[in-house]
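Chemist: I'll drop the sequence and a predicted model, then ask my questions.
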Amino acid sequence: SGDLIVHTTLEPALQEAARLAALRAINKSGKRLKVSEAAVVMMHPDGAVAALIGGTDYSNSVFNRATQARRQPGSAFKPFVYLAALEEGISPWDTRDDLPVDIAGYKPGNFGNNEYGTLTLADAMAHSVNTITVALAQEVGIGKVVAAAKRLGITSPLANNASLALGTSEVTPIELTSAYASFANGGFAVTPYFVTQVDGAGGTATYDRRTAPTPRRVIYAVVERDMLAMLWQVVVYGT
């Protein structure tokens, strides 16, 4: 029944920057893209949420698009395919051919109908090659791709079909960000959190997150090393 002081992970300067970024994006491109809302999640690798924007105007809509809205992640899902491949013993430097794909009538092509020939898997992910990614998912098994994504924190239902490799199953922004945090933190499970401490009357801590259990490893260290190198190349010379 007394007052509480709640210490959060949110950083006001970043929260304001995120709010303005979402607003600018909608003002600039919303009409052209026929969208009226945006969401932002900024997270530290341990799961501490530094900023979270669920929409551009809370007075117009209280629906939180960062935590509640499910959307297709598209190519942002591809790292889970490559993670599953690495866990099956396939190397980032192994090569695959960019060949036409036909899986029971499902015929994905590359963006802009580009053709890449023979690529290492590292290059295929860096350039976001659809054909190689879909074929690789079939090679390792869609079930293993689903398992890898779930292990990293994807909680939304994932369809066991060929198009999953290209991100057709819908997820929320916060769960996708949480899963990516495992790539960034050395391969440990991440649970998003917003509260670090709660103080009761007289300053006595009734909750302190520093007593949280030791993080659980979800990616083997050797696999995490290769995965990080592949993601680095996406930024350096890829998409």
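Modeler: That came through fine.
Chemist: how much space between residue 203 and residue 172?
Modeler: Going from residue 203 to residue 172 by Cβ to Cβ, to the nearest Å gives 36 Å. Using the backbone N, CA and C atoms, a C-beta is placed for each residue, glycine as well.
Chemist: if I look at residue 115, how far off is residue 181?
Modeler: In this structure, residue 115 and residue 181 are 34 Å apart, going by Cβ to Cβ.
Chemist: tell me the pLDDT at the residue lying closest to residue 19 once chain neighbours are set aside?
Modeler: Once flanking residues are discounted, residue 19 sits nearest to residue 53: 5.5 Å by Cβ to Cβ, 6 or more residues apart in numbering. Here, the pLDDT recorded for residue 53 equals 97.
Chemist: circling back: quick one, which of residue 203 and residue 172 is more surrounded?
Modeler: Here residue 203 and residue 172 are compared on neighbour count by other Cβ atoms under 10 Å; more neighbours surround residue 172, at 22 against 7.
Chemist: In contact with that one, which residues?
Modeler: Contacts here follow Cβ atoms under 8 Å, 6 or more residues apart in numbering; on that basis residue 172 touches 66, 67, 68, 69, 70, 71, 156.
Chemist: let's go with 7 Å and repeat that
Modeler: Neighbouring residues of residue 172 by Cβ atoms under 7 Å, 6 or more residues apart in numbering: 67, 68, 69, 70, 156.
Chemist: Now a PyMOL select for only the buried ones of the residues you listed.
Modeler: Only the buried members of those end up in this PyMOL selection, burial being decided by 16 or more other Cβ atoms under 10 Å:
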select buried, resi 67+69
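Chemist: Which secondary structure element of the chain has the lowest mean pLDDT?
Modeler: For the chain, counting by mean pLDDT, DSSP states H and E, strand 205-208 ranks last in confidence among helices and strands (a mean of 88).
Chemist: strands paired with that one, and their directions?
Modeler: Using DSSP bridges, the strands paired with strand 205-208 are strand 195-199 (antiparallel).
Chemist: What distance do you get for residue 216 to residue 182?
Modeler: If you measure residue 216 against residue 182 using Cβ to Cβ, the figure is 10 Å.
Chemist: joint contacts of the two?
Modeler: Shared contacts of residue 216 and residue 182, defined by Cβ under 7 Å, 6+ apart, comprise 188, 189.
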